[in-house]
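Undergrad: This is the structure alone, sequence omitted:
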Ligand code: HSE
């Protein structure tokens with residue numbers, strides 16, 4: 001074993017960074033044996049240097065992250081500060097000053113992954129980011145390495161724990177969105193500003209990363225269709241239950257049937273209770289991968305939290321250190337297929353549409369005609385008269401597979417019917 005240690009700079013020492021430092025210290029002997037050289041924490045860049053950090057030598061702590069990554073003797077920079085800047089500049093500076101990078105930064109990878117990979121390759125460095133998607137769950141490496149000989153056609157998953165906690169709570173208790181969010185906040189699952197999670201931005205960044213790796217193409221954050229879950233209601237859960245389904249916020253990346261394009265989207269959807277993703281409870285994540293040869297694979301586990309995310313960071317750190325010792329770099333960017341990303345209108349799936357309609361002769365036929373005129377085939381219709389004596393009824397239509405554009409056209413036309421008082425909800429049905 002080499003005795004000269006590999007030097008690691010840690011950027012950020014919050015929930016994840018402090019766990020990375022702790023595991024590096026407590027597992028030092030095992031890490032050295034697995035890598036073939038000791039790893040040494042050479043510096044820790046933080047915003048608040050006066051904060052007491054258990055187990056970290058205060059002499060290593062600095063507020064000057066730029067000077068740390070420019071030192072020239074750093075082998076690996078671990079970036080766990082998140083956000084676009086200063087993370088992006090620190091990573092590029094690290095590459096230019098001899099270091100490889102391990103990052104947990106999904107927003108940055110989704111936005112600037114191509115440029116960062118290009119620079120890493122130009123400089124002969126590694127860029128690893130297992131922790132950026134689904135916390136501890138091994139997903140990037142299986143897609144990039146284990147399935148490199150297969151053809152992935154679909155990635156379908158729950159990649160945001162906060163929203164899964166909220167939806168699970170709504171499902172199991174009948175709570176409304178706000179009540180479930182309040183509980184998630186009180187328990188520390190939701191941040192004070194939950195926008196990134198509940199509006200689907202976090203999941204969309206992860207979908208962009210997964211789609212790019214799975215299909216060996218370039219999928220940018222802007223290519224991902226995104227709908228959050230704040231409009232999901234207790235009534236939607238009641239409708240889902242009536243269909244033997246539950247509701248999950250899903251990230252869905254698909255290769256078109258003809259193989260010529262891909263799509264990536266994040267939105268709430270009904271899935272059958274028999275689907276394995278339906279039983280993913282609380283803040284857990286799970287991702288279904290479908291490929292030609294392997295068939296269906298499911299990856300499940302904690303998608304967030306200090307120690308689970310640090311586990312993924314440490315796995316990358318070991319891999320990057322091994323590469324460094326062997327004088328090589330690991331698998332880099334693979335976007336050779338250059339498949340275009342199709343717009344949401346071309347996505348084909350099933351829909352559950354809940355309408356408030358006038359309860360009088362001919363209305364069902366009128367509604368059915370609108371579906372037919374837009375080429376959307378109806379699978380089931382369920383009508384329930386209202387008890388309020390107002391002469392209205394609730395009509396639930398579940399369609400066969402149709403394009404999102406056809407469904408949007410159908411809904412627009414339905415809204416223009418005098419007999420349709422309102423479109424109560426539209427929910428996609430997945431996983432069948
Ligand atoms: N906020 C994310 C989640 C964790 O709730 O899953 C980090 O991506």
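TA: Arrived safely, thanks for sending. Remember, predicted model here, so these are calculated numbers, not experimental data.
Undergrad: contacts and neighbour counts: CA atoms only from here.
TA: Will do.
Undergrad: Just the pLDDT at residue 40, thanks.
TA: The confidence metric pLDDT takes the value 97 at residue 40.
Undergrad: what's the nearest residue to it if we skip its chain neighbours?
TA: Excluding the flanking residues, the one nearest residue 40 by C-alpha to C-alpha, 6 or more residues apart in numbering is residue 7, at 5.0 Å.
Undergrad: Tell me the secondary structure at the one you found.
TA: Secondary structure, DSSP: H, G, I helix; E, B strand; the rest coil: residue 7 is strand.
Undergrad: That one contacts residue 75, doesn't it?
TA: Yes: taking C-alpha atoms under 8 Å as the definition, residue 7 is a contact partner of residue 75 at 5.2 Å.
Undergrad: More neighbours: those two, which one.
TA: residue 75 (25 against 19; other C-alpha atoms under 10 Å).
Undergrad: The residue of the stretch 301-432 of the chain at minimum distance from the ligand: what's it in contact with?
TA: The nearest approach of the stretch 301-432 of the chain to the ligand comes at residue 304, 4.6 Å away (C-alpha to the nearest ligand atom). Residues in contact with residue 304, defined by C-alpha atoms under 8 Å, 6 or more residues apart in numbering, are 134-136, 161.
Undergrad: Just put the residues you listed in JSON lines and tack on distance to the ligand, pLDDT and neighbour count.
TA: Shown next, in JSON lines, are the contacts of residue 304 (distance: C-alpha to the nearest ligand atom, whole Å; pLDDT from 0 to 100; neighbours: other C-alpha atoms under 10 Å):
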{"residue": "134", "distance to the ligand": "7", "pLDDT": "95", "neighbour count": "31"}
{"residue": "135", "distance to the ligand": "7", "pLDDT": "94", "neighbour count": "28"}
{"residue": "136", "distance to the ligand": "10", "pLDDT": "95", "neighbour count": "25"}
{"residue": "161", "distance to the ligand": "4", "pLDDT": "95", "neighbour count": "27"}
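Undergrad: which one of those residues is nearest residue 11?
TA: Minimum distance to residue 11 across the contacts of residue 304 is 17.8 Å, recorded for residue 135 (C-alpha to C-alpha).
Undergrad: ok, that closest one - contacts?
TA: 302-305, 308-309, 312.
Undergrad: ok, which stretches of this structure are helices?
TA: For the chain, the helices defined by DSSP state H cover 15-26, 28-35, 65-69, 87-96, 106-123, 140-141, 161-173, 177-186, 195-198, 201-215, 234-242, 306-326, 363-373, 404-415.
Undergrad: Please work out the angle formed by the directions of the fifth one and helix 201-215.
TA: Put simply, helix 106-123 runs at 40 degrees to helix 201-215, going by axes from the mean of the first three to the mean of the last three C-alpha atoms, to 10 degrees.
Undergrad: Now do helix 106-123 against helix 87-96, angle only.
TA: 20 degrees.
Undergrad: Now the phi/psi pair for residue 160, please.
TA: Main-chain dihedrals, residue 160, degrees, to the nearest 10: phi -130, psi 120.
Undergrad: Show me which residues of the stretch 251-400 of the chain sit near the ligand.
TA: Within the stretch 251-400 of the chain, the positions near the ligand by C-alpha under 6 Å from any ligand atom are 303-304.
Undergrad: Tell me where the stretch 251-400 of the chain has strands.
TA: All strands of the stretch 251-400 of the chain, identified by DSSP state E, counting those that start in this stretch, fall at 262-272, 284-291, 295-302, 348-358, 378-385, 392-399.
Undergrad: follow-up on the earlier one: and among the helices of the chain, the most buried is which?
TA: Most buried of the helices of the chain by mean neighbour count (mean count of other C-alpha atoms under 10 Å) is helix 201-215; its value is a mean of 27.
Undergrad: That helix versus strand 262-272: what angle between them?
TA: Relative orientation of helix 201-215 with respect to strand 262-272: 120 degrees, computed using the same axes, to 10 degrees.
Undergrad: helices or strands up against helix 201-215?
TA: Under the contact criterion of 3 or more C-alpha pairs under 8 Å, 6 or more residues apart in numbering; DSSP states H and E, helix 201-215 touches helix 106-123, strand 152-158, helix 195-198, strand 225-226, strand 245-255, strand 262-272.
Undergrad: Mean pLDDT added to these, as JSON lines?
TA: Putting these into JSON lines (pLDDT from 0 to 100) gives the following:
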{"stretch": "helix 106-123", "mean pLDDT": "97"}
{"stretch": "strand 152-158", "mean pLDDT": "98"}
{"stretch": "helix 195-198", "mean pLDDT": "97"}
{"stretch": "strand 225-226", "mean pLDDT": "98"}
{"stretch": "strand 245-255", "mean pLDDT": "98"}
{"stretch": "strand 262-272", "mean pLDDT": "98"}
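Undergrad: Turn these into TSV, columns for distance to residue 420.
TA: What follows is those, written out as TSV (distance: least, C-alpha to C-alpha, whole Å):
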stretch	distance to residue 420
helix 106-123	41
strand 152-158	34
helix 195-198	30
strand 225-226	27
strand 245-255	25
strand 262-272	23
